[in-house]
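>>> just need the structure, nothing else, for what follows:
(one chain, ligands or ions: 1)
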Amino acid sequence: TDPGTEVGQVGAALNRMLGHVEKSLARRHASEERLRRFAADASHELRTPVAAIRGHAELALRTSEPVPPEVRHALGRIEAESVRMSELVDDLLLLARLDAGRPLEARPVDLTRLVLDATSDAHAAGPDHRWEMVLPEEPVTVTGDARRLHQLIANLLANARTHTPPGTHVTVRLRVRDGTVVLDVEDDGPGIPPDQREEIFQRFFRVDPGRARAVGGTGLGLAIVHAVAAAHGGRAELADAGHTIFRVTLPASGE
Ligand code: ADP
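Below you'll find the predicted structure:
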């Protein structure tokens, strides 16, 4: 046979294969997109009924009529679980939006201020922990979404509080190095087992699922830290050096 014809046939076969690959990639892309939209819509739709359940439970608990203790207990449980569910729904919605690449606000944010506020809140919620801050003298500014950045810091501090015993030292350190803002949240608690360090930022990953649920987290805290850092052009990592150090790096605002 003519080698030219064979080359032509191989070329045509490769082309067909490439066409198939392209089509299946496009299909996969579309189905991922549908899944993302579904997650966003589902969490959005859940918000209203969950808020209603919570509102009614609160209302029923506030009644001046006598309520049998077991009913009061049941209402208290409904209220507590609906609070937890609304946190979960909010976290899911935020992640779905970040996944969809929704742009965040891009304003100058005083990160020093956010660290001060979040640490003071954490101190109020966990007075038995020893909180410490190491802040630079100059204010540290990044360009971004203040609410999301506050949530990022609050999540790391909540973890340092809930996943370590009372008396644990927690140090929040902020610094700027070569145009990069570095935020460290360090604690001297039990830490993350070495074989689970890779998975720690994954959604719903928990070192001790039973215990973590009992202390009340949504299991999405670190996934949000990771996604918010990435949405700001930064990153989040576990920078262990004997202690637990969660490190977030963000580009500093050029001023
Ligand atoms: P949640 O705290 O709601 O369980 P996260 O995504 O914030 O979810 O954290 C995932 C898991 O990582 C936690 O359940 C816990 O097992 C572990 N973890 C996070 N922060 C710490 C910490 N500072 N010390 C020990 N374990 C931690």
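
>>> can you name the residue of the stretch 151-255 of the chain nearest the ligand?
Relative to the ligand, the nearest point of the stretch 151-255 of the chain is Gly217 (1.9 Å; CB to the nearest ligand atom). C-betas here are computed from N, CA, C, even on glycine.

>>> Asp128 reaches His169, doesn't it?
No. Shown here, Asp128 and His169 do not form a contact pair, counting by CB atoms under 8 Å, at 11.6 Å.

>>> more neighbours: these two, which one.
A direct count of neighbours by other CB atoms under 10 Å for Asp128 and His169 places His169 higher, at 15 against 9.

>>> give me the phi and psi for that one.
Its backbone dihedrals place His169 at phi -80, psi 130, with angles given as degrees, to the nearest 10.

>>> I figured it hits Glu132, correct?
Yes. His169 sits in contact with Glu132 when judged by CB under 8 Å, with a separation of 6.8 Å.

>>> tell me how far Val142 lies from Arg175.
Using CB to CB, to the nearest Å, we find Val142 at a distance of 13 Å from Arg175.

>>> contacts only, for Leu135.
Thr112, Val115, Leu116, Leu174 (CB atoms under 8 Å, 6 or more residues apart in numbering).

>>> among the residues you listed, name the buried ones.
The neighbour-count test (16 or more other CB atoms under 10 Å) marks Thr112, Val115, Leu174 as buried among these.

>>> what is the neighbour count of the residue in the stretch 1-150 of the chain that the ligand sits nearest to?
Per CB to the nearest ligand atom, Asp91 is where the stretch 1-150 of the chain lies closest to the ligand, at 8.8 Å. Asp91 has 21 neighbours, counted by other CB under 10 Å.
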